[in-house]
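*Asks:* Mind looking at a prediction? Sequence and model below.
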Amino acid sequence: MVLSQFASNALSLIATAVIGRLGTAELAAAAYANAAYYLVFIMLTGVMLSVAPRVAQAHGAGQPEGVARALHGGLRLALLLTAVALPLMWGVAALLPHVAPAGIRADLAADFLRVYSLGMLPTLAFTALRGSFEGTGRPRVVTGIAFGGLLWAALLSPSLAFGWGPLPRWGLLGAAAASASAAWVMALALWPLALRHVGRADLRGTGREVRALFGLGWPIGLTLGAEGGMFTVTTLLMARFGPDILAAHNVTLQAITAIFMIPLGIASATGVRVGHAAGAGHWAGARRAGLLGLGLATAVMLGFAALELLAPRVVLGVFVNVRDPQNAQLLATATLFLSIAALFQTVDGLQVTSNGALRGLQDTRVPLYVSLVAYWVVGLGLGSLLAFGLGVGARGLWFGLTAGLIFAAAALVWRFLTLTARRSGAGTPPV
């Protein structure tokens, strides 16, 4: 699951690397279009994450028909969400020429958004399909196909962008088309395997399953939207300190985002193991699986935190040239941010894994409320107060983010311990 997360994240990295070599205008246009696309898409993806815990609990309860019903319901839900969101994205693309700021090629941004959004349906369907494998404890099939899609994008994206061989030179649209086609390749490759894996379903109950998946998934989508929105607003606030500070902030975010794929994969695995045990009625096993997942994620992130504190130039050197004297100020600022991020990402790993464990229990609404308070009240509120009210500066925003994640991690771990203690006979956890 960790490798699958890395592969999914690398798809966007490939597109960015190719577009960056087309020119500044293309890179800016793609970034502007992605800003319009990303928040909606991440919330839709969050809704589709409900398939895996539904599959896991049905599998743990020994109900293969429930597994099949969850998959078929997830595929229908992906189609319904796309039917609403895709016209919205095309409507946004039509508005871009009227709202884009000066310096942004709005025509390029609009065309990119139209083509890139064609990958929405297969990506959402792939999330449902992978849930059928991961929820039954067979993630390796998904990992293989995810890397196959990554290879497809790595070969096709530069070929279409630059017109290699007999292929046309489509520039920015070529990179967008390659990303969308990679999503279709992955979904179509996994589809027959998933249907064979889960078997036939009684489609008469699919409508109820769609409603159950949406009821479980919309809080997940809003939770991811709340977190993504917090980082977006923080980046906008960071821009008030100047381009050098903003560049250091972005480099630090790139570093911790790459590392974050590890606890994200652990969180998915934890949710599946918790779901299996909960579905079978083994609440002590569900509690044990959650605690082991939390311990593993924390141990991994503490290791990376030590690396960031002891050898920050090694981490930052992946993203910038540390030998270039012109990057000296950027590296100094990014090193300062990275020292704060060492604590930040440790508690971030804890909160995402506890969130995954709660999804395994099909508990998603309380985590949404926790996330709204943690990110928008504690994180942005305290960060803005420190940065602008108390004069701490850019560091204050990072301190606020860290405080928000500490609040989220503490509340979500407590929630998981409380829910499992009630049913496993472990007793109420101490405050």
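*Replies:* Cool, got the structure.

*Asks:* in stretch 400-407, what's buried?
*Replies:* Of the residues in stretch 400-407, 400-407 count as buried by neighbour count, 16 or more other Cβ atoms under 10 Å. Yep, even glycine has a C-beta here, placed from its N, CA and C like the rest.

*Asks:* now, which of those residues sits nearest Trp170?
*Replies:* Leu401 (38.6 Å; Cβ to Cβ).

*Asks:* pretty sure that closest one is in contact with Phe344, am I right?
*Replies:* Yes: contact status for Leu401 versus Phe344: in contact at 6.1 Å, counting by Cβ atoms under 8 Å.

*Asks:* mind listing the helices in the stretch 151-300 of the chain by residue range?
*Replies:* All helices of the stretch 151-300 of the chain, identified by DSSP state H, counting those that start in this stretch, fall at 172-198, 206-238, 243-279, 283-310.

*Asks:* domains of the chain?
*Replies:* 1-201, 216-431 (automatic domain parsing).

*Asks:* hang on, the earlier thing: got CSV for the buried residues of stretch 400-407, with secondary structure, distance to Leu330 and pLDDT too?
*Replies:* Putting the buried residues of stretch 400-407 into CSV (DSSP: H, G, I helix; E, B strand; the rest coil; distance: Cβ to Cβ, whole Å; pLDDT from 0 to 100) gives the following:
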residue, secondary structure, distance to Leu330, pLDDT
Gly400, helix, 22, 93
Leu401, helix, 20, 91
Thr402, helix, 21, 93
Ala403, helix, 25, 94
Gly404, helix, 26, 93
Leu405, helix, 25, 93
Ile406, helix, 28, 95
Phe407, helix, 30, 96
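
*Asks:* List phi and psi for Pro166.
*Replies:* Main-chain dihedrals, Pro166, degrees, to the nearest 10: phi -80, psi 0.

*Asks:* Neighbours of it, how many?
*Replies:* Here the count is done by other Cβ atoms under 10 Å, and Pro166 has 6 residues near it.

*Asks:* Distance of it relative to Ser339?
*Replies:* According to Cβ to Cβ, to the nearest Å, Pro166 and Ser339 sit 51 Å apart.

*Asks:* And for Gly281?
*Replies:* Gly281 sits 46 Å away from Ser339, going by Cβ to Cβ.

*Asks:* who's more crowded, the two?
*Replies:* Ranked by neighbour count (other Cβ under 10 Å), Gly281 and Ser339 place Ser339 first, with 17 against 11.

*Asks:* got a list of what Ala247 touches?
*Replies:* Leu330 (Cβ atoms under 8 Å, 6 or more residues apart in numbering).

*Asks:* sorry, that was for Gln57
*Replies:* If you count contacts by Cβ under 8 Å, 6+ apart, then Gln57 has 66, 275-276, 278-279, 360, 362 around it.

*Asks:* Chain neighbours aside, what residue packs nearest to it?
*Replies:* Gly279 (3.6 Å; Cβ to Cβ, 6 or more residues apart in numbering).

*Asks:* residue contacts, the one you found?
*Replies:* Neighbour list for Gly279: 56-61, 63 [criterion: Cβ under 8 Å, 6+ apart].

*Asks:* Pretty sure Gly356 sits against Ala289.
*Replies:* No: Gly356 lies out of contact with Ala289 (Cβ under 8 Å); the separation is 10.5 Å.

*Asks:* got any residues that touch both of those two?
*Replies:* 270, 274.

*Asks:* higher neighbour count, these two?
*Replies:* Counted by other Cβ under 10 Å, Gly356 and Ala289 do not tie: Gly356 has more neighbours, with 31 against 24.

*Asks:* quick one, what contacts the residue lying farthest from the centre of the chain?
*Replies:* In terms of distance from the mean C-alpha position of the chain, Pro166 ranks first, at 35.8 Å (Cα atoms, centre = their mean). If a contact means Cβ under 8 Å, 6+ apart, then Pro166 has no contacts.

*Asks:* For Arg208, find the nearest of the domains of the chain.
*Replies:* Closest to Arg208 of the domains of the chain is domain 1-201 (Cβ to Cβ; 8.1 Å).

*Asks:* Please state the offset of that closest one from the chain centre?
*Replies:* Relative to its chain's centre, domain 1-201 lies at 12 Å (Cα atoms, centre = their mean, to the nearest Å).

*Asks:* Would you confirm that Ala25 contacts Asp107?
*Replies:* No: applying Cβ under 8 Å as the test, Ala25 and Asp107 come out as separate, 10.5 Å apart.

*Asks:* Name the SS class of Val322, please.
*Replies:* coil (DSSP: H, G, I helix; E, B strand; the rest coil).

*Asks:* is it true that it touches Arg313?
*Replies:* Yes: counting by Cβ under 8 Å, Val322 touches Arg313, with 5.0 Å between them.

*Asks:* Which residues are in contact with each of these two?
*Replies:* Overlap of the contact sets of Val322 and Arg313 (by Cβ under 8 Å, 6+ apart) consists of Leu331.

*Asks:* Who has more neighbours out of those two?
*Replies:* Legend: neighbour count by other Cβ under 10 Å for Val322 and Arg313, higher for Val322 (16 against 13).

*Asks:* dump the residue contacts of Arg359.
*Replies:* 49-50, 52-53, 220, 271, 275.

*Asks:* Next up, phi/psi of it, please.
*Replies:* Dihedral angles (degrees, to the nearest 10) for Arg359: phi -60, psi -30.

*Asks:* One more: the one 4 residues further on?
*Replies:* Main-chain dihedrals, Asp363, degrees, to the nearest 10: phi -110, psi 110.

*Asks:* what's stretch 62-72 in contact with?
*Replies:* For stretch 62-72, contacts defined as Cβ under 8 Å, 6+ apart pick out 51, 54-55, 57-59, 128-129, 131-132, 135-136, 194-195, 198-203, 205-206, 209, 213, 279-280.

*Asks:* Drop anything exposed from those.
*Replies:* Listed as buried from the contacts of stretch 62-72 are 51, 54-55, 57-59, 128-129, 131-132, 135-136, 194-195, 198, 201, 206, 209, 213, 279; burial here means 16+ other Cβ under 10 Å.

*Asks:* and Trp90, how many residues sit next to it?
*Replies:* Using other Cβ under 10 Å, Trp90 has 14 other residues around it.
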